[in-house]
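Student: Sharing a sequence plus its predicted fold:
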Amino acid sequence: MQEYIEQKFELGELEGLSRKQVEAHLGLYSGYVNNVNKLNASLEELSKDSEVNGYAISEVKRRFGFEFNGMRLHEYYFEQFENKIGVADPAFPLQQAIVKQWGSYEAWEAEFKTVGKMRGIGWALLLHDEKAGQLMNVWVSDHELGHLAGQKILLAMDIWEHAFMVDYLPSERGVYIDAFFKNLNWEVVETRF
């Protein structure tokens, strides 16, 4: 099976997110990549006798969903902070779709932030349902519970405490969310749309 390679991200100084916080978070991402590769190696070995190892294979497959989605969601997350900060330009097609659906960018952002402030750990995602032509703000618990099938991820905000615990208390999640938006490169998000 193909080995996954840890991505390197061009992250400058982020407003409201310290270098120490970012490094700790990148270390966690690195762990997901390593675990995906270890699980793939285990699956390859166990599959040599799938009859005997059926139960072990099923448990490794379950764990694989958590580790793989953790890896991929973090790649979406960090890519959004790369290079320069791109503002939410009203001329962008995604911004126009947001305004069409929510009435204003501010109304969409308020709803997205509300999703991000839900109790629990997980991810707030802006998804594009290409089939229905709609955008959706959704909550995904852990990394793998609550994904909507076939939906394209446009924006990913990590709400696990590891994303902000170096800089903020758990009760300061809203401050972290504000910092997230200050550093968001909308040009990256727009290319996903």
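Tutor: Structure's in. What do you need?

Student: So Leu125 versus Leu46, what's the distance?
Tutor: According to Cβ to Cβ, to the nearest Å, Leu125 stands 32 Å off from Leu46. For glycine as for every other residue, the C-beta is placed from the backbone atoms N, C-alpha and C.

Student: Tell me how many other residues surround Lys182.
Tutor: Residues near Lys182, counting by other Cβ atoms under 10 Å, number 12.

Student: thought it was touching Gly16?
Tutor: Yes - between Lys182 and Gly16 there is a contact at 5.9 Å, judged by Cβ atoms under 8 Å.

Student: so which helix or strand takes in Gln95?
Tutor: For Gln95, the host element (DSSP states H and E) is helix 93-102.

Student: Apart from its chain neighbours, what residue comes closest to Phe193?
Tutor: Sequence neighbours aside, Leu94 is the residue nearest to Phe193 in space, at 4.0 Å (criterion: Cβ to Cβ, 6 or more residues apart in numbering).

Student: how far away is the residue nearest to the spatial centre of the chain from Glu13?
Tutor: Nearest to the mean C-alpha position of the chain, by Cα atoms, centre = their mean, lies Leu73 at 3.2 Å. Using Cβ to Cβ, Leu73 is found at 23 Å from Glu13.

Student: domain ranges for the protein?
Tutor: As assigned by automatic domain parsing, the chain contains the domains 19-79, 93-192.

Student: Can you give the distance from the last one to the centre of its chain?
Tutor: It stands for domain 93-192. In terms of Cα atoms, centre = their mean, to the nearest Å, the centre of domain 93-192 is set 9 Å apart from its chain centre.

Student: This protein: helices as residue ranges?
Tutor: Assigned by DSSP state H, the chain shows helices spanning 19-46, 54-79, 93-102, 105-116, 173-182, 186-192.

Student: which strands and helices sit next to the second one?
Tutor: Judged by 3 or more Cβ pairs under 8 Å, 6 or more residues apart in numbering; DSSP states H and E, helix 54-79 is in contact with helix 19-46, strand 152-158.

Student: Go through these and pick out the most buried.
Tutor: Neighbour counts (mean count of other Cβ atoms under 10 Å) averaged over each of the helices and strands packed on helix 54-79 peak at strand 152-158, with a mean of 21.

Student: got the angle for it vs helix 93-102?
Tutor: Calculated by axes from the mean of the first three to the mean of the last three Cα atoms, to 10 degrees, strand 152-158 forms an angle of 80 degrees with helix 93-102.
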